[in-house]
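[1] Below are the sequence and a predicted model for it; my questions follow.
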Amino acid sequence: QSVLTQPPSVSGTPGQRVTISCSGSNSNIGRNYVCWYRQLPGTAPKLLLYRNDQRPSGVPDRFSGSKSDTSGSLAISGLRSDDEADYYCAAWDDILASWVFGGGTKLTVL
Amino acid sequence: EVQLVESGGNFVQPGRSLRLSCEVSGFIFGDYGMHWVRRAPGKGLEWVSGISWDSNSKAYVDSVKGRFTISRDNAKNSLYLQMNSLRLDDTAVYFCAKDLSAAGTRGFDYWGQGTLVSVSS
């Protein structure tokens, strides 16, 4: 069982907007930044967002993030078929003294 | 171009040891924290260990404490993971990842392609 909680799956149609939630606690998301990663089958994970809502160079503005108290959220607008992937949130946990990931959310584009 | 290339993965029996390596290029290795992250078959990502730029700070997930040791050689642009007393549940693809910060506390912005560790009797 993961320290951060994500829905196992979400789905949407092309062009739609979807959100993925990430629930934690005071020791992780409550005190530290949230990062979001995407992993396509058989490939390395890719950083989508850091510091809750910052996009690295090359990540389109269709991807946005937010944080409130002990929860983070990833929003993907203008959904495309190639957005189908596994999405993970992560944060540093002050009590565990380790990085913790969510269990991952599989996005399906219908 | 930033590149991280892992090596050292193999098929091993429980209780044996392996040493993973990650050779990097395209950035000043000694300026950044580094990590190992794994993904077991059918499961999600799990952070394994991290090390600060100067090796003064190291951290491990509880399940590998006392068995795994992370290290780095800034002169060789290389990160290592010594894995001892391997268990069946250590089976996974292991990724090395660069941190956004020197301390290793800001997130992982570049990843290698991974190396497979398979523990089986």
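    Received the coordinates, thanks. Residues are numbered from 1 along each chain as shown, chains lettered A, B, ... in the order given.
[2] Quick check: pLDDT value at the residue nearest the centre of chain B.
    Closest residue to the average C-alpha location of chain B: B:W36 at 2.7 Å, with Cα atoms, centre = their mean. Looking at B:W36, its pLDDT stands at 98.
[3] from what I can see A:A44 touches B:D109, true?
    No. A:A44 is not in contact with B:D109 according to Cβ atoms under 8 Å; the separation is 11.7 Å. In this view, the C-beta of every residue, glycine as well, is placed from N, C-alpha and C.
[4] related to what we said a few turns ago, so the closest residue to the residue nearest to the centre of chain B other than its chain neighbours is in which element?
    Leaving aside its sequence neighbours, B:W36 sits nearest to B:V48 (Cβ to Cβ, 6 or more residues apart in numbering or on different chains; 4.3 Å). When elements are assigned from DSSP states H and E, B:V48 belongs to strand B:45-51.
[5] Give me the helices and strands touching the next helix or strand after that strand, please.
    Downstream of strand B:45-51, the next assigned helix or strand under DSSP H and E is strand B:58-60. Strand B:58-60 is packed against strand B:45-51, strand B:68-73, with contacts defined by 3 or more Cβ pairs under 8 Å, 6 or more residues apart in numbering or on different chains; DSSP states H and E.
[6] Would you mark the buried spots in the longest one?
    Judged by neighbour count using 16 or more other Cβ atoms under 10 Å in any protein chain shown, the buried positions of strand B:45-51 are B:45-51.
[7] Also compute the angle for it relative to strand B:68-73, please.
    Interaxial angle of strand B:45-51 relative to strand B:68-73 (axes from the mean of the first three to the mean of the last three Cα atoms, to 10 degrees): 50 degrees.
[8] Just the closest of the buried residues of strand B:45-51 to chain A, please.
    Looking at those and their distance to chain A, the nearest is B:W47, at 3.9 Å (Cβ to the nearest Cβ).
[9] still on that earlier bit, got a list of what the residue nearest to B:W36 touches?
    With contact set as Cβ atoms under 8 Å, 6 or more residues apart in numbering or on different chains, B:V48 has these partners: B:35-38, B:60-61, B:64, B:68, B:81, B:94.
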